[in-house]
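Visitor: Requesting a structural model of the entry that follows:
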Amino acid sequence: MKKTVYHAAGRSGKRRGAAALAIAALGFLAACAAPDRLAEVVPTPGHRDVTAMISSKAMLAPSRMDGPWHVTGRFPAPAGACVPERFTFAPGRLSLRCTGQGAGDTISAPLAYQGLGRYQADFGAGTGMPSDLWVLWADEGYRTAVIGMPGGEAGWIIDREPGSSADRQAAAREVLLFNGYRAAPLGPP
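Guide: Okay, here's the model as predicted:
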């Protein structure tokens with residue numbers, strides 16, 4: 001009678017190979033995501049820790065951003081800057097209705113979609129508006145969104161209606177915190 005011998009190496013070898021592959025993949029992702037600790041960090045004035053990772057909504061549907069949006073949360077703006085109370089996106093254009101010193105003013109700028117949820121706007125000097133506008137998050141129905149800047153100069157929670165659901169507002173605040181924004185100065189419009 002022939003004796004059959006089973007070796008445990010068959011299954012455990014596959015497991016070890018899969019585990020090694022998973023560890024290598026995690027190491028690769030960590031290396032890609034980790035900030036360069038040797039690079040000099042230059043502090044910038046703003047509302048965001050610029051050493052923290054920031055991400056934009058890569059799968060943004062730009063046409064779903066078109067139309068008016070009401071500001072339901074924002075960070076304090078520099079003195080003399082336009083303080084937007086409403087954003088209006090249109091193909092190739094962004095208009096902002098300002099409060100504060102420029103109350104009632106509407107400024108408008110060419111707007112170029114760069115992909116990956118990132119826009120470039122050209123408001124010109126003197127408006128206090130940064131040119132890099134990143135959509136950090138939008139809910140599935142595009143009712144609430146978060147717009148920020150990599151440098152943290154400004155950030156807004158915007159909504160299709162002047163009032164937003166408490167759940168979506170809380171989610172928007174979490175997105176800002178996740179992307180390195182400081183929660184303390186974030187206030188209502």
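Visitor: Tell me which other helices or strands the lengthiest strand in the chain touches.
Guide: Ranked by residue count under DSSP state E, the longest strand found in the chain is strand 106-115. Counting contacts by 3 or more CB pairs under 8 Å, 6 or more residues apart in numbering; DSSP states H and E, strand 106-115 packs against strand 93-99, strand 118-121. To be clear about C-beta, it is placed using only N, CA and C from the backbone, and glycine gets the same treatment.
Visitor: Could I get the buried residue list for the last one?
Guide: By 16 or more other CB atoms under 10 Å, the buried positions in strand 118-121 come out as R118, Y119, A121.
Visitor: hang on, the earlier thing: quick one: residues in contact with the longest strand of the chain.
Guide: 62, 82, 89-90, 92-98, 119-124, 127, 129 (CB atoms under 8 Å, 6 or more residues apart in numbering).
Visitor: what lines up beside that strand in the sheet?
Guide: strand 93-99 (antiparallel), strand 118-121 (antiparallel) (DSSP bridges).
Visitor: And the residue nearest to W69 when sequence neighbours are not counted, which helix or strand is it part of?
Guide: Residue nearest to W69 in three dimensions, not counting chain neighbours: I158, with 3.9 Å by CB to CB, 6 or more residues apart in numbering. For I158, the element it lies in under DSSP states H and E is strand 155-159.
Visitor: could you give me the average pLDDT of that strand?
Guide: Taken as a whole, strand 155-159 carries a mean pLDDT of 95.
Visitor: Give me the neighbour count for N179.
Guide: By other CB atoms under 10 Å, the residues close to N179 number 22.
Visitor: these two touch, right, it and G148?
Guide: Yes - applying CB atoms under 8 Å as the test, N179 and G148 come out as touching, 6.3 Å apart.
Visitor: what residues are up against Q169?
Guide: T72, G73, T144, I157.
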